[in-house]
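Asker: Take a look and give me a structure for this.
(2 chains)
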There are 2 protein chains.
Amino acid sequence: MTSPSATQAGYLYQNEPTWSRSEKAVVARTVFDAALNRELHEVMQETKQMADQIKEPADLWDLEHHLTQRRKEIDRKYDYRYSQLTHVFGRLLYEGRVGEEDLRGLREDKLKLIRSFAEFLKKDAA
Amino acid sequence: MTSPSATQAGYLYQNEPTWSRSEKAVVARTVFDAALNRELHEVMQETKQMADQIKEPADLWDLEHHLTQRRKEIDRKYDYRYSQLTHVFGRLLYEGRVGEEDLRGLREDKLKLIRSFAEFLKKDAA
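Answerer: Predicted coordinates:
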């Protein structure tokens, strides 16, 4: 999956929404942490499986490479800055890692940006 | 374990020995490959054990780091150039990865250099 270029993404030029205290604490932090935690547990499962199936030395360096890739991908993806959060949640929505129901409690201005970015990624991947 | 500095190691300035065809084929290649293979299998076992004991995300990146370190260490250690082989075998002898009996078939000029480097590493680590 390649990153969409900024020039294609019109919403990038919209004003950043402001986040209320309850949006931050109740929704954003909780949903963010839960999604990150789920993804880290996925990597833990993948790793145990890959290690279990190691049969030759080359498999070791495949596992090393996989871990490095996953670490970098997760570092990039989970960027908890309020200026980035609608993109973060948009991507997680697109990847099916969070559902619309998880985002209840966010105001419509954010939901609109989140859905719009998810939609954009979907079109970009098609 | 730190690398000994070249200035400390007098034998580095000795002439390189020449390797006969049988020394190369029968002893050096066989012993080298067997030791490398054993060490790679050690890493495979270590990795399976570490993966098995992964309980939290930090353990993932410890495993990644361990694999990177082991790969670099093995790359450095197993240098099959005839100009390096007495050091390679000297280190493997010092680490107990090859025994004197594995080196039967090498001429005394090489055995002397190999033992001398093993001895040097032992003193260096003391």
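
Asker: What residues does chain A have near chain B?
Answerer: Proximity of chain A to chain B, by C-beta under 8 Å from any C-beta of the partner chain, involves residues A:40, A:43-44, A:47-48, A:50-52, A:54, A:57, A:59-61, A:63-64, A:67-68, A:71. For the C-beta atoms, the positions are set from N, CA and C on the backbone; glycine is no exception.

Asker: and the residues you listed, which are buried?
Answerer: When the residues of chain A next to chain B are checked for burial by 16 or more other C-beta atoms under 10 Å in any protein chain shown, the buried set is A:40, A:43, A:44, A:47, A:50, A:51, A:54, A:57, A:60, A:63, A:64, A:67.

Asker: coming back round to it: tell me which of the residues of chain A next to chain B fall in helices.
Answerer: A:40, A:43-44, A:47-48, A:50-52, A:57, A:59-61, A:63-64, A:67-68, A:71 (DSSP state H).

Asker: what pLDDT does the residue of chain A found nearest chain B get?
Answerer: Nearest residue of chain A to chain B (C-beta to the nearest C-beta) works out as residue A:51 at 3.3 Å. pLDDT recorded at residue A:51 is 98.

Asker: residue contacts, it?
Answerer: Contact partners of residue A:51, counting by C-beta atoms under 8 Å, 6 or more residues apart in numbering or on different chains, are A:63, B:47, B:48, B:50, B:51, B:52.

Asker: Out of those residues, flag the one nearest to residue B:90.
Answerer: Residue B:90 lies nearest to residue B:47 out of the contacts of residue A:51, by C-beta to C-beta, at 27.7 Å.

Asker: Could you measure from the closest residue in space to the closest one that isn't next to it in sequence over to residue B:45?
Answerer: Leaving aside its chain neighbours, residue B:47 sits nearest to residue A:51 (5.5 Å; criterion: C-beta to C-beta, 6 or more residues apart in numbering or on different chains). As judged by C-beta to C-beta, to the nearest Å, residue A:51 and residue B:45 stand 10 Å apart.
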